[in-house]
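K.L.:
Generate coordinates for the sequence data below:
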Amino acid sequence: VGGGMGATHGDASTYPRLADVIGFCTPDRVIAVSEAVVTIQRDFGDRGERKHARLKYTIEDRGLDWFRSLLEQRLGFALEAARPFAFTHTGDQYGWQATDDDRWHLTLFIENGRIEDRDGASQLSGLRAIAEVHRGEFRLTANQNVVIAGVAGPDRAAIDRLVGQHGLDNYREASPLRLHSLACVGFPTCGLAMAESERYLPALVGRVEALLERHGLGRQAITLRMTGCPNGCARPYLAEIGLVGKGPGLYNLHLGAAFDGTRLNRLWRESVDEQGLLAELDGLFGAYAEERESAEAFGDFLLRTGRVGAVPPGARAT
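P.N.:
So this is what the prediction gives:
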């Protein structure tokens, strides 16, 4: 409980926060627990200040022990102690994956979630053509991609042909950096945007890819996320490289989150333009190429070498 990405520039009372693990419940009690969490926020959440009207601030103000005690009081039973768990993969697994019900699922890379027909890739037309023959489902992922789900084995070939014809197989050639990039819609769609994001990120990724290639890191997977404002819709505070719009052409640069999204990053530089951003990354990539340990992620490297300080679980990033 208590996770949230939203923040406001210049207001230190707002901040991104990771959720806390407070216990374990069996599947048959999930709905009851969820309802009790919602009612606590209903009854104790701040209704006077919109920027403070989030569960993360209610927990920050009153404490996690208070929250757990009230939750269990409303439930009429105590949560069990949290059980061990680990995330082994938090990104999307592109390409075909089989499940034990003899069905196949094809995850497609949709850059920044924008499906359209453009030069070299008629993705919108392609998905419409697939929809005419597909007998399963289309699913959207939390990383803005599309899964063609529930495909019978004999139907794979027809879908593969359409995927290839319409440039929907770009996941085969895209760099790991591009496959792990996200952006919110930003200008011109969002009225809160202060800077470009969705329209700008693809070109910026190309320039960052060139830096990685220069340092022999072209196949290194790094999470990069960009938003046009600090509300965090593309989860920039959980990216190894997070860019948060500050104004036209200017971004706050955040660094040092965990690759698997289990650690917040920290603000590294404020209001940098593209030239300044690339200069910062060029130096850091050079150090990473020379000093990293085997299989060490970029965010972990920044943490281990003291370039970025860790954000403890439940703490706010600064």
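K.L.:
low-confidence ranges in this protein?
P.N.:
313-318 (pLDDT under 70).
K.L.:
Most remote residue from the middle of the chain, which is it?
P.N.:
Residue farthest from the centre of the chain, counting by CA atoms, centre = their mean, is G76 at 35.3 Å.
K.L.:
Now do the phi/psi pair for that residue.
P.N.:
G76 adopts backbone torsions of phi 80, psi 10, taken as degrees, to the nearest 10.
K.L.:
and the longest helix anywhere in the chain, how far from the chain's centre?
P.N.:
Selection of the longest helix in the chain by residue count, based on DSSP state H, yields helix 274-291. Helix 274-291 has its C-alpha centroid displaced from the chain centroid by 22 Å (CA atoms, centre = their mean, to the nearest Å).
K.L.:
ok, the residue nearest to the spatial centre of the chain - contacts?
P.N.:
Geometric centre of the chain, nearest residue: R235, 4.6 Å, by CA atoms, centre = their mean. Contacts here follow CB atoms under 8 Å, 6 or more residues apart in numbering; on that basis R235 touches 5, 182, 225, 261. Just so you know, the C-beta spots here come from the backbone N, C-alpha and C atoms, and that holds for glycine as well.
K.L.:
ok, and the closest non-adjacent residue to the first one?
P.N.:
The spatial neighbour of M5 that comes closest, neighbours along the chain excluded (CB to CB, 6 or more residues apart in numbering), is G232 at 3.0 Å.
K.L.:
Surely that neighbour is in contact with P16?
P.N.:
Yes - applying CB atoms under 8 Å as the test, G232 and P16 come out as touching, 6.0 Å apart.
K.L.:
Quick check: neighbours shared by these two?
P.N.:
Listed as contacting both G232 and P16 by CB under 8 Å, 6+ apart are 5-7.
K.L.:
between those, which is closest to A142?
P.N.:
M5 (12.6 Å; CB to CB).
K.L.:
Please name the residues that touch that closest one.
P.N.:
Contacts for M5 (CB under 8 Å, 6+ apart) come out as 16, 231-233, 235-238.
K.L.:
That one and R68, how far apart?
P.N.:
Between M5 and R68 the distance is 23 Å, computed by CB to CB, to the nearest Å.
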